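> sequence and predicted structure, then a few things I'm wondering about:
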Amino acid sequence: LISSATKSLRMETEILEKKLQEAQTKLAEKDEDKEKEIQSLKRLISELEFQLTMEKSNNESFLDKLRKEIKHKSDELEKLTQERTQLIHSLSQVQEENSLLQETVRRECEERFELTAALGRAREQVLELRRLSGTLP
């Protein structure tokens, strides 16, 4: 009976040891799979960090270019604004000069009209004098 129980216990122990070995093997395989997954994730993280660094660098470069372009455009706008102010000033001066010239031309036209009228009257007087002098002996 003892021998049979011992034998039964040994068989049960062998079965349990096999199950234990199988469980340990599965656990080792799972650990190995997890370690592979961890390494894969670490590589992925490294790649993503590198991409992030590259993106940051590209963004900074792009921002620098934009800042330079904005500065250039701002300088250009300031220059154009100054030119516009100068042109407005010049236009104002030209308009003033034009008004003066128009006034001068208007006065000269009036003077010319008056001179033409006076010349017409003088001709009439000369003609009248000639006619009168022609009728006198």
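Here it is on my side, so go on.
> any stretches of this protein with poor pLDDT?
136-137 (pLDDT under 70).
> what ranges do the strands span in it?
With strands called from DSSP state E, the chain shows none.
> where do the helices of it begin and end?
2-135 (DSSP state H).
> residues contacting the residue most central in space within it?
In the chain, the centroid-proximal residue (Cα atoms, centre = their mean) is Ile70; its distance is 6.6 Å. Counting by Cβ atoms under 8 Å, 6 or more residues apart in numbering, Ile70 makes contact with nothing. Every residue, glycine included, has its C-beta placed from N, CA and C.
> gap between it and Val105?
From Ile70 across to Val105, the span is 51 Å (Cβ to Cβ, to the nearest Å).
> can you check Lys30 too?
106 Å.
> how about Asn59?
Noted for Asn59: a distance of 66 Å to Val105, by Cβ to Cβ.
> could you do Ala118 as well?
20 Å.
> now Ser46
Ser46 is 86 Å from Val105, by Cβ to Cβ.
> got it, and Glu49?
Taking Cβ to Cβ, one finds Glu49 at 81 Å from Val105.
> which of the residues in stretch 27-45 are buried?
For stretch 27-45, a neighbour-count test (16 or more other Cβ atoms under 10 Å) marks nothing as buried.
> gap between it and the chain center?
Remark: stretch 27-45 is offset 48 Å from the chain centroid, using Cα atoms, centre = their mean, to the nearest Å.
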